[in-house]
Each structure stands twice: as C-alpha cells, then as structure tokens.
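model this:
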Amino acid sequence: MDLDELDPDPLRLFERWFADAAAVVEVPEAAALATSTPDGRPSARMLLLKSADERGFTFFTNYESRKGRELADNPRAALLFHWPALGRQVRIEGGVERVDTAESEAYFRTRPLGSRLAAWASPQSRPLADRAALQGLYADAVERFGEDVPLPPDWGGFRLVPDAFEFWQHGDDRLHDRVRYERDAAGWWRTRLAP
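Numbers count the residues shown, from 1 in each chain. You can find the predicted model right below:
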C-alpha cells in the first residue's frame, strides 16, 4: 500500500475493503469487539456489525450483557475485522455511545420473530440453571407477546465513533503492509507501521 495512493478518508477505504470482502467472505460483517472494565480487565467477543457510516460503526446488544455493562462503565472499544481470504484485517478504535431509541426500535423490527423473542427471553451473560431454564423463558416470551414483540427496555444499539483505524494487508515473508489513520482537530492523518 502506497500512502500517497490510499484514500485520505479511512471510512471510504474501509467501505472499499468491506465490498471486496463481501464478494468472497460468507459473513464479512463479523467482527471481534474488545471492551474492558474501568480497571483494565479486557474481554472480546464476536458480533455482527449492522451499519458503518460517517456517524460510526453500529451494533446491537442487551445493555445488561457483559459488553453492555463494560461499555457503560468504560465507553471505549475496538473492533477487528479479519478477512483471511483476502489477507486483510482492519482495526477500528474509538469512543462508544448508545444509539437513540428510535434507531434501536427500527432495527429491532427487522429482526426475525425468533430473535426478537430471544431478546426478551435471554438474561444475557447471566448464569442459568440449565438449557431448560432458557427454553422456559423463551416459551414465556412467546406466550406473553405472540408475534407483536416490542423493543425490550434493556436492549439497543451502540455506535463506535472511530478515532483510529489500522489497515493490514498480508505480505510475503511477514513483510505485511500496515497503515494507521488517526484523527486530530485538522482531520485524519496516516502513518505506515512496521509489520
């Protein structure tokens, strides 16, 4: 990657790389999300990105889940997209904010019925006695809501607002290309990193 030939806007470069991945990867929107507690205990999990635009990178979850609680206590996170078929990965770091209720409701209505019911049934990240307990909670949600499932009060979106991107392209002999974008008051600037 030649720095002078790269798009000066990392979001546009991400969109091009994402389109390349979508052509060959089954689930290009799968990403690892890393969060941490206020005292620095990290955790990571896979999730599905739902949108990426000039506002940031949006995903949805139970606000009482481990990631939801960690993001409430320490609203910074990192996303990692890894597309081995292309020999590429993209890291995105930044602050995190909740999306508004209207946006969460709009997305929630697009989810399959079973997923909407499961959002009510699952006490995400909390201990369960056994699988039968979860199935019982799901049956209760079916009985309570039928097909008219509202947005749960503890469920919604987060948006990661980037202040840094890193684009990584595989190179032979471990001579990978790495370019980091960081934002300051004047806009985005780029730096080549050693592999």
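
Does anything pack onto the longest helix along the chain? Which helices or strands?
When the chain is parsed with DSSP state H, its longest helix is helix 131-145. Counting contacts by 3 or more CB pairs under 8 Å, 6 or more residues apart in numbering; DSSP states H and E, helix 131-145 packs against helix 113-121. (Each C-beta comes from the backbone N, C-alpha and C, glycine too.)

and the helix it packs on, how far from the chain's centre?
Mean-position distance between helix 113-121 and its chain equals 20 Å (CA atoms, centre = their mean, to the nearest Å).

And for stretch 38-51?
For stretch 38-51, the distance to the chain centre is 7 Å (CA atoms, centre = their mean).

buried stuff in that stretch?
Residues of stretch 38-51 classed as buried by neighbour count (16 or more other CB atoms under 10 Å): Leu47, Leu49, Lys50.

tell me which of those is nearest to Pro127?
Comparing these against Pro127 with CB to CB picks out Leu47 as the nearest, at 21.4 Å.

Tell me the secondary structure at that closest one.
Assigned by DSSP: H, G, I helix; E, B strand; the rest coil, the conformation of Leu47 is strand.

do the one 5 residues further on as well
Assigned state for Ala52: strand (three-state reduction, three-state DSSP).

now Glu93
Classification of Glu93 using three-state DSSP returns strand.

Name the residues linked to it by a beta bridge.
Ala78, Ala164 (DSSP bridges).
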